[in-house]
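Structure, please.
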Amino acid sequence: MSDLFTSLETAFVNKLISLFSPSGKYARLSIVLYHSISPEPDELLSEQEDVAIFDTHIRFLSSHFNILPLHEAIQRLQDGTLPSRAVCITFDDGYANNAEVALPVLQKYNATATFFIAAAYINGGMMWNDKVIELIRHAPGKLLDLNEIGFGKHDIGSLEQRQKTLFALINKFKYLPHEEKYAQLEKLCHLIPVTLSENMMMTADQIRKLHHAGMEIGGHTISHPILARTDNEVAYTEIKNGKKLLEDIIQAPVRLFAYPNGKPRQDYLPEHVAMLKEIGFEGAVSTAWGAANNHADIYQLPRFTPWDKNRIRFLMRMVQNMFRTTNTC
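Numbering: from 1, shown residues only. This is a model prediction of the structure:
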């Protein structure tokens, strides 16, 4: 009886969501975004998804939405053949735990996803923000003196203070010019002499593992620069060479792209959209919230991350996102 009630409830909820996300020419495509999926909750990064939260999300999505490969969804959006409640799952950056922790969950629910990978960090690299995170996580003592690099003194005696320091430093580093950012990061590493992990990001074998499991691999530049603050020639090389490096690994075309950081007009500009078309990408995703309709620019598709653990709230947030105005360049 309980199983029958659950089936009827699921059917009712799905029918309700279909009213907001119908099939055909009035369809809306929701694309969800994840980054690192840790095996356990991270006390320092309290908002980061762990495997239990991710499993909950994929269970909700597989029960109430039609999960499609992103490349297929883009084509069907254009053709007017998208099913109701269409959703795609994406990951940015290329964390090793995507292959080792997230992939088994996706396979458990027979779900597919697209992984956008910054090629410079394959086989032992670490992104700048992760270096800052791990340095602050392991910094000894209760006071962090960064006056030497112009970042002041910070209390880190409590978890809350350490989190506050971390977010302040991330914001300082985020939009520094590329060379200055890495020069300052090098100095920060000398000021906080801790050993950093060498296996945070994917190896080439893990990328091939995802590809062979039926997942799609997408481009995300080489070193994840803010394209809007990068010389056009350098930006073009970052996009094109990142694509080629991934294609050499999987021996297959890399057709889709995710803009680093991804905010239209802030992190990327119209000239970068034009670059993708010239280089041969067939679609791209931003981090502007919203859902795509048949008028959407397939080179600036919106994405967002639902964070609720409660099923009803999760589904309400998914529906609410369908009506957000999509920002583009």
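
Go ahead and name everything in contact with stretch 120-133.
Outside stretch 120-133, the residues that touch it by C-beta atoms under 8 Å, 6 or more residues apart in numbering are 44-45, 93-94, 118, 134, 166, 169-170, 173-174, 181-182, 185, 188-189, 196-204, 207, 222-224, 245, 249. Glycine gets a C-beta too; all of them are placed from N, C-alpha and C.

In this structure, which strand is the longest?
strand 86-93 (DSSP state E).

Show me what that one is packed against.
strand 29-34, helix 51-64, strand 66-67, helix 70-79, strand 114-117 (3 or more C-beta pairs under 8 Å, 6 or more residues apart in numbering; DSSP states H and E).

Restricted to helices, list the contacts of stretch 120-133.
Using DSSP state H, the subset of those located in helices is 134, 166, 169-170, 173-174, 181-182, 185, 188-189, 204, 207, 245, 249.

quick one: least confident of those?
Lowest-confidence member of the ones in helices among the contacts of stretch 120-133: residue 174, scoring 86 (pLDDT).

how about that one, what does it touch?
129, 226, 261.

Give me the below-cutoff pLDDT ranges for the stretch 1-150 of the chain.
Residues of the stretch 1-150 of the chain that meet the criterion pLDDT under 70 lie in 1-6, 8.

thinking again about what came up before, from the contacts of stretch 120-133, keep the buried residues only.
93-94, 118, 134, 166, 169, 173, 181, 185, 188, 200-203, 207, 222-224, 245, 249 (16 or more other C-beta atoms under 10 Å).

From residue 31, how far off is the one residue sitting closest to the centre of the chain?
The residue lying closest to the centre of the chain (C-alpha atoms, centre = their mean) is residue 92, at 3.2 Å. If you measure residue 92 against residue 31 using C-beta to C-beta, to the nearest Å, the figure is 12 Å.

what comes up buried for stretch 257-273?
Residues of stretch 257-273 classed as buried: 257-262, 264, 266-269, 272-273 (neighbour count, 16+ other C-beta under 10 Å).

And for it, what's in contact with it?
Contacting residues not belonging to stretch 257-273 are listed as 90, 92, 116, 118, 174, 218-221, 224-228, 232, 235, 239, 243, 276, 281, 283-288, 297, 299-300, 303, 327-329 [C-beta under 8 Å, 6+ apart].

Show residues contacting stretch 17-26.
By C-beta under 8 Å, 6+ apart, stretch 17-26 touches 27-28, 30, 64-65, 80-86, 291, 293-294, 315, 318-319, 322-323.

Which ones among the buried residues of stretch 257-273 map onto strands?
Of the positions in the buried residues of stretch 257-273, 257-258 sit in strands, assigned by DSSP E.

And the buried residues of stretch 257-273, which is closest to residue 39?
Of all those, residue 258 has the smallest distance to residue 39: 24.2 Å, by C-beta to C-beta.

So what sits opposite that closest one in the bridge?
Counting by DSSP bridges, residue 258 forms beta bridges with residue 285.

and the gap between it and residue 93?
According to C-beta to C-beta, residue 258 and residue 93 sit 9 Å apart.

Overlap of the contact sets of the two?
With C-beta under 8 Å, 6+ apart, residue 258 and residue 93 have common neighbours 116, 220.

how near is residue 204 to residue 251?
Taking C-beta to C-beta, one finds residue 204 at 11 Å from residue 251.

and what of residue 24?
Residue 24 is 36 Å from residue 251, where distance means C-beta to C-beta.

how about residue 132, secondary structure?
When classified by DSSP: H, G, I helix; E, B strand; the rest coil, residue 132 comes out as helix.

Tell me, how many residues neighbour it?
Residues contacting residue 132 under the criterion other C-beta atoms under 10 Å number 22.

what do you get for residue 40?
By other C-beta under 10 Å, neighbour count at residue 40 equals 9.

Make sure it is actually in contact with residue 50.
Yes: when contacts are counted by C-beta atoms under 8 Å, residue 40 is listed as touching residue 50 (5.9 Å).

before we move on, the earlier item: so for residue 24 and residue 251, which residue has more residues nearby?
Using other C-beta under 10 Å as the criterion, residue 24 and residue 251 rank with residue 24 on top: 13 against 8.
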